[in-house]
Structure formats: C-alpha cells, structure tokens
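Undergrad: prediction below, plus the sequence it came from.
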Amino acid sequence: MKKANIFIAVIFFAIISACNPEENKLTESNLDTDTPELNVTDSWLREYFTIPYNIEVNYKWHEGRVDLDRYLSPPTLEKVIPVMDIVKQVWIDTYSELGGENFIKEIAPRELLLVGGKNLNPSGTRTLGFAEGGKNIVLFETDLINVKDKSEVTMFVKTIQHEYAHILNQQIRYDEEAFKEITPSGYTSQWYNPADEEERFDIANSQGFITDYARLNENEDFAEMLETILTNNAEEYQELLDNIKAKIISNAVDAALENLPTTATQDEIDAATQGATVTATPEAENAIALIKAKEAIVADYFKKSFNIDLYELQKLATDNILKAIQ
C-alpha cells in the first residue's frame, strides 16, 4: 500500500511538472514566416504569370530540383524577364487568342523552372527541356539566348511548344495507335546514333520522321511534329519538307556515284545519276507522305479536342516569334 501511494505521488508530481507554464513556453519557430521581398523581376513574373495563370516561375537555385551530377546553374537575373516575355508572347498569347482566355489557365504547368546553362548528356546530345507529370516544365540554356536573334529564339520556343504538347496529350489523348502505326519500325531508344547529327537527320527523314529525336517513341514524335509546325510558318514548313525530299534523292545520287570507278565516263555518270534519281524519288515521296500523315493526325487532334485550327495556330505562333524579337 505504501508503494502504491508513493507511485501515485510520483505520477501526480510529473503531471504538475508537465503543466508548469514556465517550462512549456513556446520558442520562436524555425520556419521563416516573413513575407519575402520581391525584386523587379519577381513582381513582373507575378503580374504576368502567377496572378493571371497560376504559374510560378522559379529562376533561383534550389538544390535538388535539377540533376546534381550535371554542371548546371541558375540564369542570370537580367535574362529572366526578356526570356519569359518571349514565352508569354509566343506560347501563352498564341493559345489564349485561339483557345480563349481560359485555355492556359485550365491547361498549363503550374511551374516553369529556368536553368541558365546547357544540360549535356553522356550520349553527346543535350536536353533543352522536359515536362514532369504535366505539372512543371524545366527550360535549359536561358542564359544563352539572344532574344533578338530569330534562329536562337525559335530554337528556345521549340522547347516550350514541345513540352506543352506533352501536357496537352495528358489532358486529352491523341490517337496513339494510329499515329504509331505510320512508322512502327522506326522507333528506337538509340535515336542518337550515329553521333553525327546530319547523318542522324538523314536516317530519320528517310524513314518518315521530322527530326532525329522523333524516333524515340510516338509521344516524342507527336511533340516534334507539333513543335516543328509551330516554329515554321507555312512557307518555311513546306520548304523544310521539300529539302527533306531533295536530300534523300541527293544522298542516293551521291551513293551511286561513289560506286563508280574513277575511270567512269560522263555518260556513265549521267546514267548513274538518272538511275539513282528515278529509284530514290518514290522513296523520298513516301517519306514525305508519312510525315504528312502524322501532320494530319496532329491537325485532327487539335480540331476535335480543342476546336483549334492547327494552321491558324501555326500562323499566329510564327507571327508572334517575329513580334517577340522586335
């Protein structure tokens, strides 16, 4: 009984001690609850991206947000607004004009993460950007863009158009089976071989792919088709297709001439040239037909899914590139 009383007294003392207000005062939080100070860049991004579209633009360094085994760095402050102004004009304004003011508000990544330098891969290629789960897009090389140079701006805009294609596809699927069946045997995880880029493009184009990277899988193929259309106006896009056809024929002629002996006469050279041209022309026309078949699925997807004419979108996007670099 005595032991029981002692035990109860100990518990009572512990309760009294635990309730001692002097010993249970809350200390200051370790969390930073102060309102962050916004610089001019932060205010501009908030006005044109965060408030109207609920898109956060991160340009400051966050450890762990990018691969730590790469030599990467945040963009310099003075590059952020010029680069993001291009993104707004060419991507947001284009889709908003044709899809309505709520288009980007309803279908968009909730974060754009900017990285200053190149993201080089062991294969010798470089990653220009990627989308993660439809929630954010990472854009590399933002420090390297001359915002007044059309070719550089176009290359950068290709990235946002490509990654946004993936986000659109996650909202509404395109006809993947029909698209994949156009060039089923051409897809490969080794799309980056051979190392020579021109040779890679020649192989891809001859098989009915608009770019070398399009050979990775049907989803990248779709995105590469869309980015190419939205960064080349109608005349430039047709010229691109014409050049693909001409290059396929030219490569065939070169191969035929290489097989001739050094003593070949002009008549033999002319005959080899004509023969290679006759043989390669249907192959070149077939490659273009395959690309056009993919284009048709992309156009049909935009019309049925979003009631947007792909070619109106193309004209507006390419016009906005020109406006952005003025």
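TA: Nice, thanks for sending it over.
Undergrad: name the next helix or strand following the helix or strand bottoming out on mean pLDDT in the chain along the chain.
TA: Ranking every helix and strand in the chain by mean pLDDT, DSSP states H and E puts helix 2-18 at the bottom, with a mean of 48. Using DSSP states H and E, the helix or strand that follows helix 2-18 in sequence is helix 40-45.
Undergrad: packing partners of that next one?
TA: helix 77-87 (3 or more C-beta pairs under 8 Å, 6 or more residues apart in numbering; DSSP states H and E). Glycine gets a C-beta too; all of them are placed from N, C-alpha and C.
Undergrad: and the helix it packs on, what does it pack onto?
TA: If contacts are counted by 3+ C-beta pairs under 8 Å, 6+ apart, helix 77-87 sits against helix 40-45, strand 111-114, helix 150-171.
Undergrad: just want the angle from it to helix 150-171.
TA: Interaxial angle of helix 77-87 relative to helix 150-171 (axes from the mean of the first three to the mean of the last three C-alpha atoms, to 10 degrees): 60 degrees.
Undergrad: now do the buried residues in helix 77-87.
TA: 79-81, 83-84, 86-87 (16 or more other C-beta atoms under 10 Å).
Undergrad: can you tell me what sits against it?
TA: With contacts defined as C-beta atoms under 8 Å, 6 or more residues apart in numbering, helix 77-87 is touched by 39, 41, 44-45, 48-49, 57, 59, 75, 112, 114, 116, 139, 142-143, 145, 147, 153, 156-157, 160, 324-325.
Undergrad: swap in 6 Å and give it another go.
TA: Residues outside helix 77-87 that contact it (C-beta atoms under 6 Å, 6 or more residues apart in numbering): 41, 44, 59, 142-143, 147, 153, 160, 324.
Undergrad: what's the answer for stretch 167-177, then?
TA: 107, 131, 134, 218, 301, 305.
Undergrad: ok, back up a step: want to throw the buried residues of helix 77-87 into CSV with distance to residue 249 and pLDDT?
TA: Formatted as CSV, these follow (distance: C-beta to C-beta, whole Å; pLDDT from 0 to 100):
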residue, distance to residue 249, pLDDT
79, 43, 94
80, 46, 95
81, 46, 96
83, 40, 94
84, 43, 95
86, 37, 95
87, 39, 95
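Undergrad: redo those residues as CSV? Include distance to residue 200.
TA: What follows is those, written out as CSV (distance: C-beta to C-beta, whole Å):
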residue, distance to residue 200
79, 30
80, 33
81, 36
83, 28
84, 32
86, 28
87, 28
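Undergrad: which stretches of the stretch 151-300 of the chain have low pLDDT?
TA: The model of the stretch 151-300 of the chain has no residue with pLDDT under 70.
Undergrad: could you pull out the helices for it?
TA: Here the stretch 151-300 of the chain has its helices, by DSSP state H, counting those that start in this stretch, at 176-180, 197-206, 218-230, 234-258, 266-306.
Undergrad: look up phi and psi at residue 231.
TA: With angles defined as degrees, to the nearest 10, residue 231 sits at phi -120, psi 10.
Undergrad: count of neighbours near it?
TA: 23 (other C-beta atoms under 10 Å).
Undergrad: measure residue 94 to residue 267 for me?
TA: Taken as C-beta to C-beta, to the nearest Å, the spacing of residue 94 relative to residue 267 amounts to 55 Å.
Undergrad: list the residues that contact the nearest residue to residue 162 once chain neighbours are set aside.
TA: Nearest residue to residue 162, sequence neighbours excluded (C-beta to C-beta, 6 or more residues apart in numbering): residue 227, at 4.2 Å. Counting by C-beta under 6 Å, 6+ apart, residue 227 makes contact with 158, 161-162.
Undergrad: now stretch 94-102: buried residues?
TA: Buried-residue list, stretch 94-102, by 16+ other C-beta under 10 Å: 94-96, 98-99.
Undergrad: and what of stretch 311-326?
TA: 313-318, 320-321, 324-325.
Undergrad: sorry, back to before: narrow the contacts of helix 77-87 to just the buried residues.
TA: For the contacts of helix 77-87, buried by 16+ other C-beta under 10 Å: 41, 44, 59, 142-143, 153, 160, 324.
Undergrad: closest to residue 212 among those residues?
TA: residue 160 (19.9 Å; C-beta to C-beta).
Undergrad: for the closest residue to residue 188 other than its chain neighbours, which residues are in contact?
TA: Of all residues not flanking residue 188 in the chain, residue 215 sits nearest, at 5.6 Å (C-beta to C-beta, 6+ apart). Applying C-beta under 6 Å, 6+ apart to residue 215 gives the contacts 186-188, 191, 204, 209.
Undergrad: neighbour count and distance to residue 294 added to these, as a markdown table?
TA: Shown next, in a markdown table, are the contacts of residue 215 (neighbours: other C-beta atoms under 10 Å; distance: C-beta to C-beta, whole Å):
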| residue | neighbour count | distance to residue 294 |
| --- | --- | --- |
| 186 | 17 | 11 |
| 187 | 17 | 13 |
| 188 | 12 | 17 |
| 191 | 21 | 16 |
| 204 | 23 | 12 |
| 209 | 29 | 9 |
